[in-house]
Structure formats: C-alpha cells, structure tokens
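> mind looking at a prediction? Sequence and model below.
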Protein chains: 2
Amino acid sequence: MHTNSTRDGNKNGYKNSNFAKITLMKAGILGGGQLGRMLLQAAANYTVETFVLENDPHCPAAHLCHNFILGDITNFDDVYAFGKKVDVLTIEIENVNIEALEKLEAEGVKVIPKPSAIKIIKNKIKQKGFYQVNEIPTSDFVVTHTKESLPHHHAFLPAVHKLGEGGYDGKGVQIIRTKDDFEKGFDAPSVLEKMVAIDKELAMIVAIAQDGSATLYPPAEMIFDPVLNLLDYQISPAILPEKVSWKAEAIALKLVKAFNSPGLFAVELFVTKDEEVFVNETAPRVHNSGHHSIEANYSSQYDMLWRIMLNYPLGNPDAILPSAIVNILGAEGHSGEAVYTNLADVLGMDNVFVHLYGKKQTKPGRKMGHVTIMHKDYQDLRYKANKIKHTLKVEAKNS
Amino acid sequence: MHTNSTRDGNKNGYKNSNFAKITLMKAGILGGGQLGRMLLQAAANYTVETFVLENDPHCPAAHLCHNFILGDITNFDDVYAFGKKVDVLTIEIENVNIEALEKLEAEGVKVIPKPSAIKIIKNKIKQKGFYQVNEIPTSDFVVTHTKESLPHHHAFLPAVHKLGEGGYDGKGVQIIRTKDDFEKGFDAPSVLEKMVAIDKELAMIVAIAQDGSATLYPPAEMIFDPVLNLLDYQISPAILPEKVSWKAEAIALKLVKAFNSPGLFAVELFVTKDEEVFVNETAPRVHNSGHHSIEANYSSQYDMLWRIMLNYPLGNPDAILPSAIVNILGAEGHSGEAVYTNLADVLGMDNVFVHLYGKKQTKPGRKMGHVTIMHKDYQDLRYKANKIKHTLKVEAKNS
C-alpha cells in the first residue's frame, strides 16, 4: 500500500518522474496548534496520510489527523521516532528539535523547510546575521549577551530588545525607549534593534517548491490600534505605491530564496515614510498573516504547503477578492473555559468566515480564532473589521 | 465541560436565549463517506465535538472526527447507542435506521433532518406521494408491486422504473422505453414514472434553520454528455429565464418547507422545453450538487448544515463567483488501489480546486473526488470542465 517512495528514489509518491501518477504519502506535522488544524483541514482535499506530534492530546489539531502521536517536539528522541514514520515532515512552530530533523534529513526523510533554515530563523541573532550576509535590508542592531552591556548601546535608542531564542507571541520582546528601560532588557544572548519609524507593516508569504520554483502571495498590511499598539486587523492585498510593492516583493523573494529550502515562508516587513523597506522577521511556516488565503485566494497558504510537500505543482496565490483578518484573542481578565460572546452577531454578517480553533481554555491574549471578511470594497472590510473587533469576545465561563 | 444543553432546555449550547454565549456541543454524523469528510472539514471552523458512525474504519471521514464509532447505520442498536452520545445528529446518506432516530428524537436528541422527513425521502413511493399531497409538480407515475403488473401501464412509456427502497447512485433505476424493456423492471414495490422531455436539469439546495427560517442557494444546472447520457459537469448559478428561476425556487422552497423539518435539502428538478418545472427527487442532506459551494459561495452547504445543527444564524448562500463541478469517477475497467493519472495537470490550472476523497480502492464509476472551477466567465468554466473530464483519470495501480 505504501511504498516509502521518497526514500527509494521514486519521486514523492509520483509513479514516474513526469508527474503522471500519484499514490498515497505519509506526512507529519510537528505541533498541533491552530496552524496544524488548518493544515489538516486542507490536507483532506488530497489523499495524504497525516501524522501529528504534540504533547497535548486535546490540542486543536489532534482529532483531524490519521495518526496522533503524543510527544515533545523539542525532544530529540520524540521527534526522531516520529519522523521515521513519515515520508515528509513539516513544522507549525519553530521551537522544535533541530538535531533530530538534521538526522532525519540525512537519513532520507524530506524535511520542509530544511532544518538549516529553521535553525537560522528560530534564533533571532542568527536571523539578523543571515540578513546581513545576504544583503537583506533590516534595521540596525547589535548583539548583547548581558543586561549590564545594554548602556553601552544607548546610541541605538529607542530600540527593541529581542531574546535570541525562546520568545514567541510577544514574549521575549522588550521596548527600550530610554536608559531607564535598560533594566527590562534580557540577561541572555539577544538582539538590540534600532527602532524604525514605521509607516506601514506588511507581511509577504512566499512559496518555494521542491524544484526551487517560487511564487508570492499579494502583500498583506497590518493595521495597528494607534492607542494600544496592538494588531487591530489585517488587509490583503495591501494598497501600496507600485515602487514599495516591487521592493517588498523583491526583498521577500531574495530573502526566502537565500534559505535554499523548499517551504512556505512569511516575511514581515517595515515600510518607512520615505518608502524604504526593511525586513523585520521571517517565519519558515504557515503564518497568522496568511489565514485570509483560506477563502480569499485560489490556493490558500495551507493548500500551498501541501502542494510543496506532496511535490504537486505550486498553486495560484492570487486573491479572489480583497479580504481582512480579525484575530479573536482571549479577553483581558478572563482565564478558564472559553465562551464566545456575540458570536451569532458575527456569524450573521453576509461576507464573513468564522474560524474558532477549538481551544477549551481561554486566557488573556490567547489566539482563540480568527474571522475573515471578503469584499471587493475595502471600506466594507474596514467597517466590518472594526465592528467585529468590538462585538465578538472570548471570555471565561465563570468569570 | 459539557452540559447536555439541548436536552435540559438551554438552547443548543447558547448560554442564554438571546444567542449571546456559545459553548461546546456534541454532534454525530451517520455515515463516513465523502459527504461526512467535507462536513468535518467545515466543522473544524467551529468548536463542536464530532462523532461518526460507520462500519468501515478506513472510510473517508474516519480520521477527521473526535470520536469514530464502528457500527452499522442501518442497525437499530448501533444507531441508538451512537445517538445517545450526542446532542445533535445528522445523516450523510438516507439509508439509516429510522426507528432508532425516532426513539432518539422522542428522548430529546435533536435529529436534523427529522426522521419523519428521512422516512418519506428514503422511499421513492412515499416521496412521490408526498409531492402529490403537497401539490408539488412532478412527473406522472404509478406504483407497481410486481414485474408482471408492468404491461398494464404501457400508457406510461417511455418511463423510468425506480425501486422504492435501497436504490442509490444509479442502482435501482431502469429505463423502460418499450414493452420489450418490461423484463428489466423490478419485482418489488417501485414507482413507474412517465419520462419527461427534459430541456434542463437543475439542483436547488435549500436550508431550513431550527426556527423555520429558510434560505436558498442559486440553482445549479447539470450538463449531460449527449452521447453517454452521464452527468458531464455542473454549472452554478444556472443561467435561466427569470420565470423558470422563480418557479424552481418557489417549488423547491414549498417542497422543503412541507417536510416541516430543519436541515439542508437538495431538490433535483426537470425543466421542460415549454418551461414547466417538475421535481425529480429530493435528498435530505448535503449533496453532490453542492460541492462547489465550498469555495464558490459565502457559506458552503457544509458550513450551512453546521449552522443549522449548532443553531447559529443561517449563512449567506450567495455565489462569490460562478463555478463548475466535475466529478472524478473511477475509470471503467479499473478496480483496485487507486492512482490519479494526470492529476498534476489539473492541479496546475489557475482557478481550480481539487478534492480527493482518500478512498484507497477504485472501481468503475465510484465517486473518488471532484474538481471545482471558479471564474466570472462561464466560457472558462465550460472549457476547463471539459478539459478536466478528458485529463484526470482514476485508474487501478496494477491494471
């Protein structure tokens, strides 16, 4: 039934090299969060047999795969044993055991993206160095190792201090505006980045096939709440001057190609008032900024990653209609069993798509779901995005 | 965690009657085929806990639910025990044990559609009688009980003979053109229908919420191969004279409302050359004719059924863009492990969406998948539908 085709020289389940015939492959995902969940929803359009490794049996992706394996994605033995079960392996979070992935890759398991790319990206110091080596424009920075060394770099203020490894979802990042903030810095290998005067923040998703061919999604623009400085919603395709658009595409493509790895990558970019474009950060996986593509693009980022893994032709990243994403986050002050307040009001809107991640427990700021809005008119997107932000709440049952 | 909310008077998991708060419900599906598979893909947008009853552990839906229960959907005990585990229950095939559903309904499980509706629809004699009682236009017919009685009804020729119960996917249907064909008729309770001179065949999907409110999808038109008389592809929205469109909508809505049941219903209609509209058959469930709605309509038929079951507001059935569906059927002369020939050619088309149902074994005519095409221009839909028909083949590995 299954022929271990990636390992014995046949190309990834194709019966012959001209892509004529396709049979069943086994594919694993490290991590079982919402990104894994949406990957598995997309996988059910194809014939792939799916595996998930995650240490929480009630995680959002656990019930949507053929084979759920309980284990620690940061543990060598767990990742290695899991990888030996599959033909092709991907991640939905960077914080995985790289050594196991390297050994698996050496033994013929197709790891997408390559462990070498994950290794660079999961460490912010290496990520910044990679931008320098490859002449990718990025904000000025210095590497710091101790909190005491920070005052030497007062010329970088105002700055952002980012922990080299282990930070995620806003953790491991500190804003250092003045010398008084130095005490909030990290006492571990970190990057101190000069703050950029940002006009816009963009996200570009880039897909690289196993044969090296590439395609880009239209850029998405992040809209921030000017008071809270939190992501309010996201619009795609971003409306940009042609020059900025070209620059962003060229930089994102150059950067991602430099990883020399197939995969689906998200590149976060800053655009300054004088239309300079800097890379902020890169993710070597499906990304929050690409959720809208499920409904609003011909091939979603999830579909695209399956095409890459299964060695199918790349999909069409074009937008069907413009769209917005509103993230549904756990309300402040609420921890416990999640209830969705005013969900029916949002479900009743004509052109919105609700995605709840099935997390039983909410806590402040936790990503509990997202809503995509689709409309040819950007005004409708903005109006509904704001309305949804102020309507739908995730609270705890007994708060 | 779970509060059996449908049964103790709280409305379907809403914390209070104004729909303000929603918590986790348990929902069961009888049957685990491709319709169940696509239902479960859609379910992962919400927080529902899913259950599937099916006697094949490798069925297309088995790996996409929280709880897979091995059992026979036609067996009273299996269906009853399964139904006791859930708050709300639906079907993906009519051939289920009605008595168990009736008992479950009496005991407070929400069964959608109501067993009374399934009971009528699963028997073609009752279905025809129901059209008569409710003044729904349908072709003339007579009920037959033995093969020998057929010659008495030669005035109905040319006719279609349909077995009362147990027919599906073309089985249990015989064309009786002349007296010589009478021997092909069924020797069991059946319906002999006068053939209608058909100009077009349409399918209308109608959604009825738990509160009785209703919404209709745009009509789909079935395009048949004039030589083989097999469904070639389907286009939606159908391009129809306004009068026909109104008639089709009015008839479909009147019919479905007469079942007095929430649910998602598909109504197949004939349109004659003089623009009369007749009901051919009804299905009380998600349907092959609604697959395009996954990508091409704001709320897919699968999403819509979840909204009905979870007592959410009805979704928006409008088309985002016109679309076509091509069914991928097992090739003639091929039985065995499925391989998909020229799949990459279809995956490489710009505006197509491939759905494979994950069935390991193919046989002639078996529904193995479908492809949806989306485009504002109907000419593109027709061109690609024909191209896909002649490109993608499902064959057996060692044929």
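Noted; the coordinates are in hand.

> from here on, just use CA atoms for contacts and neighbour counts.
Will do.

> residues from the stretch 151-300 of chain A in reach of chain B?
A:Glu295, A:Tyr298, A:Ser299 (CA under 8 Å from any CA of the partner chain).

> if you rank those residues by neighbours, which is first?
When neighbours are counted by other CA atoms under 10 Å in any protein chain shown, A:Ser299 leads these with 25 neighbours.

> and that one, what does it touch?
Residues counted as contacts of A:Ser299 (CA atoms under 8 Å, 6 or more residues apart in numbering or on different chains) are A:Ser293, A:Gly315, A:Asn316, A:Pro317, A:Asp318, B:Phe353.

> if any of the residues you listed are buried, put those into a ChimeraX selection.
With 16 or more other CA atoms under 10 Å in any protein chain shown as the criterion, this ChimeraX line picks the buried residues out of those:
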select /A:293,315,316,317,318 /B:353
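
> quick one: residues in contact with stretch A:364-379.
A:291-292, A:295-296, A:321-335, A:351-359, A:362, A:381, A:384-385, A:394.

> show me which positions of it end up buried.
Here stretch A:364-379 shows A:364-375, A:378 as buried, counting by 16+ other CA under 10 Å.

> out of the contacts of A:Ser299, list just those in strands.
B:Phe353 (DSSP state E).

> out of the contacts of A:Ser299, which are inside helices?
When DSSP state H is applied, the contacts of A:Ser299 are split such that A:Ser293 fall in helices.

> looking at the contacts of A:Ser299, which one is closest to B:Asn55?
Comparing the contacts of A:Ser299 against B:Asn55 with CA to CA places B:Phe353 closest, at 29.6 Å.

> excluding chain neighbours, what is closest to the closest one?
Distances taken as CA to CA, 6 or more residues apart in numbering or on different chains place B:Thr372 nearest to B:Phe353, at 5.0 Å, with adjacent residues excluded.

> with A:Lys384 instead?
Spatial nearest neighbour of A:Lys384, chain neighbours left out: A:Ile373 (7.4 Å); criterion: CA to CA, 6+ apart.

> can I assume the one you found sits in a strand?
Yes: A:Ile373: assigned to a strand according to DSSP: H, G, I helix; E, B strand; the rest coil.

> got the contact list for whichever residue of the stretch 51-200 of chain A sits closest to chain B?
In the stretch 51-200 of chain A, no residue comes nearer to chain B than A:Leu64, which is 4.3 Å away by CA to the nearest CA. Residues near A:Leu64 by CA under 8 Å, 6+ apart: A:Arg37, A:Leu40, A:Gln41, B:His63, B:Leu64, B:Cys65, B:His66.

> so of these, which ones are in helices?
Using DSSP H, A:Arg37, A:Leu40, A:Gln41 are the members of the contacts of A:Leu64 that sit in helices.

> the first one - nearest residue in space that isn't next to it in sequence?
Closest residue to A:Arg37 in three dimensions, ignoring its sequence neighbours and counting by CA to CA, 6+ apart: A:Ala61, at 4.2 Å.

> next, count neighbours for the one you found.
29.

> how close does it get to A:Ile120?
26 Å (CA to CA, to the nearest Å).

> ok, A:Leu192 next?
When CA to CA is applied, the distance between A:Leu192 and A:Ile120 equals 17 Å.

> one more: A:Ala43?
Where A:Ile120 is concerned, A:Ala43 sits at a distance of 28 Å (CA to CA).

> more neighbours, these two?
Set A:Ala43 next to A:Ile120 and count neighbours by other CA under 10 Å: A:Ala43 wins out with 24 against 18.

> tell me the contacts of the closest residue in space to the more buried one that isn't next to it in sequence?
Using CA to CA, 6+ apart and skipping residues adjacent in sequence, the residue nearest A:Ala43 is A:Trp306, 6.8 Å away. Applying CA under 8 Å, 6+ apart to A:Trp306 gives the contacts A:Leu39, A:Ala42, A:Ala43, A:Tyr312.

> make CSV from the residues you listed and add pLDDT to it.
Shown next, in CSV, are the contacts of A:Trp306 (pLDDT from 0 to 100):
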residue, pLDDT
A:Leu39, 98
A:Ala42, 98
A:Ala43, 98
A:Tyr312, 96
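
> for these, which one is nearest chain B?
Lowest distance from chain B to these (CA to the nearest CA) belongs to A:Tyr312, with 6.1 Å.

> so what's that closest one up against?
Residues near A:Tyr312 by CA under 8 Å, 6+ apart: A:Trp306, B:Ala344, B:Leu347.

> ok, A:Met349 - how many residues close by?
Residues near A:Met349, counting by other CA under 10 Å: 16.

> and for A:Gln174?
Using other CA under 10 Å, A:Gln174 has 18 other residues around it.

> try the one 4 residues further on
A:Thr178: 12 surrounding residues under other CA under 10 Å.

> buried sites along the lengthiest helix in chain A?
Longest among the helix segments of chain A by residue count, using DSSP H, is helix A:242-258. Neighbour counts over helix A:242-258 (16+ other CA under 10 Å) mark A:Val244, A:Ser245, A:Lys247, A:Ala248, A:Glu249, A:Ile251, A:Ala252, A:Leu253, A:Leu255, A:Val256, A:Lys257 as buried.
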